[in-house]
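Enquirer: Okay, sequence plus prediction incoming.
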Amino acid sequence: MEEEQRARRWFLAVWTIVTVVKIAIAARLPLFVDEAFYWQEGQHLAAAYSDLPGLTAWLTRLGTEFGGHHVLAVRAPFLLLAAVLPWLVARSAAHWFGAAVGWQAALLTVLMPLSGTLGLLALPDVPMAVATVLCADAGARLLREVDAMSATELAFGLMLGALSHYRFVGVIGVGLVALLWLPEGRKVLRDARVWVALAVGLLAWAPLLAWNLEYADAGLRFQLLDRHPWAFHGDGARFLLVQAAMVTPLLFWAMLVVSLRGLRGGKEAGTAWRYFALLGAISTLGFFLIGFFADNERVSFHWPLPGYLALVVVVPLLLRAWSPVRRKATWGLAGIGAMLMLGYYVVVSLPGLRTQMAGSKYYPENFAGWDTLAAEVRKAQAGLPEGTVLLADSFKTGAELGFALGDADIPTLDHPLNRKHGRAPQLQLWGLEHDGKRSAPTLLVVAATDVKFSALLAHYQRLCAVVGPLPPAKAVNIDHGARRFLLFALPAQTAGGECITPVVANIDMPEAGATVGRRFSVGGWAVKDVVGVTKVEVLMDGRVVAEAKDAIANDWLTVFLKGASRDPRMPRVQFNVEVDVGTLPTGRHWLGLRVTGGDGSVETWAERPVVVQ
């Protein structure tokens with residue numbers, strides 16, 4: 001009883017604190033790109049969508065209907081489901097292993113970074129996690145006795161999961177394998193009530209299947225074929241390290257031990273232990289193996305979460321057998337992991353701290369700059385003729401700008417990102433994929449940093465082919481250019497003549513983060529199609545500190561740009577200049593370029609940090 005009360009108090013205290021912190025973060029954290037698109041889907045209600053079943057979009061719409069147009073309202077239903085999740089884990093664990101284990105399992109669910117941060121973002125993983133716990137609990141109860149209540153819980157969990165994500169098929173498959181593995185499970189599958197529950201769950205897939213039948217299996221092809229290379233690559237080897245970091249090392253080790261004992265079926269592993277352990281073991285091992293063949297470009301570290309939610313039910317039993325020091329270390333590392341993950345989101349939600357990450361590989365570009373961009377777009381629209389059309393270059397820009405401006409119908413150009421993320425069919429279905437032809441003035445918004453740098457010039461040239469010659473762009477540099485957008489005021493009719501692309505430039509030296517003296521050399525290059533570059537100014541914290549006078553040849557650049565540049569000076573586009581920063585204070589400063597084109601256009605390029613001694 002004392003252990004139970006202590007575990008309950010710890011859970012209630014930590015759950016309350018984490019929930020409050022998550023609400024506070026969610027109210028300030030800018031929408032992630034996927035969240036913005038789910039919001040856009042929610043503004044176009046349908047039974048299913050190209051990338052997902054309908055539930056995620058429905059929840060975003062539900063949140064904004066009750067809470068208004070605010071990031072917290074978009075996330076509110078997901079925060080609520082995430083807050084309920086540990087209580088469902090507690091209920092399941094307590095049913096089999098006692099109330100104390102139940103509260104401890106719930107506390108681990110709150111502390112484990114992968115599950116503890118659920119709800120901060122409006123993502124399908126939240127309802128899918130709830131569905132997973134419901135199905136796992138229902139399966140365990142059915143092992144003891146098949147009754148109407150357990151079958152109903154199974155049916156509800158299957159329906160919720162089917163409406164959440166394609167990946168829930170894997171949860172169903174793992175559950176069936178676990179039941180077939182156990183003699184008691186094979187007996188369960190002979191009961192008609194279980195098959196009725198499975199049939200009800202199957203019906204929930206009908207809207208998604210109907211969508212795919214109507215649109216040539218576009219969603220299925222993306223999820224199963226297009227996004228995955230299905231060829232061996234070595235990135236799967238990182239699985240153990242990544243998962244140990246995301247779960248915390250000792251907790252991850254405990255889960256592996258539970259999995260192995262469940263597979264082995266030792267004396268200490270009863271039916272319930274083996275069932276939950278099998279669910280986790282099969283799922284985790286499956287994702288480990290798939291990781292060597294599946295998509296390695298997009299985020300996938302959260303995929304094994306359903307298996308961990310099954311294992312966390314049993315882990316407290318294992319921890320009891322560990323030494324007090326090891327047990328405390330496990331809880332302590334889990335707590336540190338939760339604080340670090342929540343701390344990351346705090347940093348991302350605060351513009352000042354986010355700016356400090358600019359220029360590093362940890363910069364959260366998918367969260368950054370959308371409000372600033374929206375303000376610049378409004379300012380540009382105010383100076384353009386009435387009836388000017390707003391046009392985005394990709395689904396990312398269209399969805400994020402759409403939320404910031406309260407417009408879910410911003411047309412979007414065809415873009416590799418639309419296809420890469422499976423959003424092109426949905427944009428086409430909404431009639432929002434724009435062919436570039438126009439009969440009204442148009443403000444085109446291009447996210448330059450969404451394109452690989454080596455392909456940026458070619459991307460500009462493709463824009464020319466789609467929308468015609470580009471006028472001088474207004475550059476919107478956010479966080480020193482870590483996020484960079486270009487605004488083009490296009491005329492109502494496509495003009496003739498050659499297309500002058502925006503500047504593409506780079507500082508080769510010093511490297512980002514380098515330590516420099518009061519006098520140092522700056523080297524780099526700048527190209528601009530058709531008209532070339534007439535002046536390159538070196539900036540320190542926005543102030544001109546030097547001007548490059550002469551250009552020299554850079555033959556390597558022809559290879560890097562794949563011969564795409566039509567700058568008349570090629571290959572003489574390399575500059576080297578000596579900079580004297582004078583009395584500038586020691587410490588971190590921002591080094592940048594201001595480039596003047598042969599057509600008189602001036603473009604401020606992205607900056608990089610250097611440390612002045």
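Expert: Happy to help now that I have it. Residues are numbered from 1 along each chain as shown.
Enquirer: buried stuff in the helix or strand hosting G219?
Expert: Assessed by DSSP states H and E, G219 sits inside helix 218-221. Buried residues in helix 218-221, counted by 16 or more other Cβ atoms under 10 Å: 218-220. Yep, even glycine has a C-beta here, placed from its N, CA and C like the rest.
Enquirer: now swap in stretch 402-414 and tell me
Expert: 402-405, 408, 410-414.
Enquirer: what about it, start to end distance?
Expert: 17 Å (Cα to Cα, to the nearest Å).
Enquirer: what does that stretch contact?
Expert: Contacts of stretch 402-414 with the rest of the structure, by Cβ atoms under 8 Å, 6 or more residues apart in numbering, involve 31, 36, 39-40, 43-44, 69, 74, 370-371, 373-374, 377-378, 389-395, 397-398, 401, 418, 424, 427, 430, 432-436, 463, 466-467.
Enquirer: do the same with stretch 385-399
Expert: Here stretch 385-399 makes contact (Cβ under 8 Å, 6+ apart) with 33, 36-37, 39-40, 366, 377, 381, 401, 405, 407, 410-413, 415, 417-418, 421, 423-424, 427, 432, 434, 438, 440-447, 450, 463, 485, 489-490.
Enquirer: Going by neighbour count, which of the contacts of stretch 402-414 are buried?
Expert: Applying a neighbour-count criterion of 16+ other Cβ under 10 Å, the buried members of the contacts of stretch 402-414 are 31, 36, 39-40, 43, 74, 370, 373-374, 377, 389-395, 397-398, 401, 418, 424, 427, 430, 432-434, 436, 463, 467.
Enquirer: Might you report the residue contacts of Q493?
Expert: Going by Cβ under 8 Å, 6+ apart, Q493 touches 438-439.
Enquirer: For it, grab phi and psi.
Expert: phi -110, psi 140 (degrees, to the nearest 10).
Enquirer: now it: how far from V445?
Expert: Separation of Q493 from V445 (Cβ to Cβ, to the nearest Å): 20 Å.
Enquirer: Could you do R9 as well?
Expert: The value you get for R9 to V445, if Cβ to Cβ is used, is 52 Å.
Enquirer: again with A216
Expert: 30 Å.
Enquirer: the more surrounded of those two?
Expert: V445 (24 against 10; other Cβ atoms under 10 Å).
Enquirer: pretty sure that one is in a strand, no?
Expert: Yes. V445 forms part of a strand when assessed by DSSP: H, G, I helix; E, B strand; the rest coil.
Enquirer: Wait, it touches L401, no?
Expert: Yes. In terms of Cβ atoms under 8 Å, V445 counts as a neighbour of L401; the distance is 6.5 Å.
Enquirer: Quickly list what's touching both of the two.
Expert: Common neighbours of V445 and L401 (criterion: Cβ under 8 Å, 6+ apart): 373, 377, 390, 392.
Enquirer: List just the nearest of those residues to P124.
Expert: Nearest to P124 among these is A392, at 23.5 Å by Cβ to Cβ.
Enquirer: What does the pLDDT read for that closest one?
Expert: For A392, the pLDDT comes out at 97.
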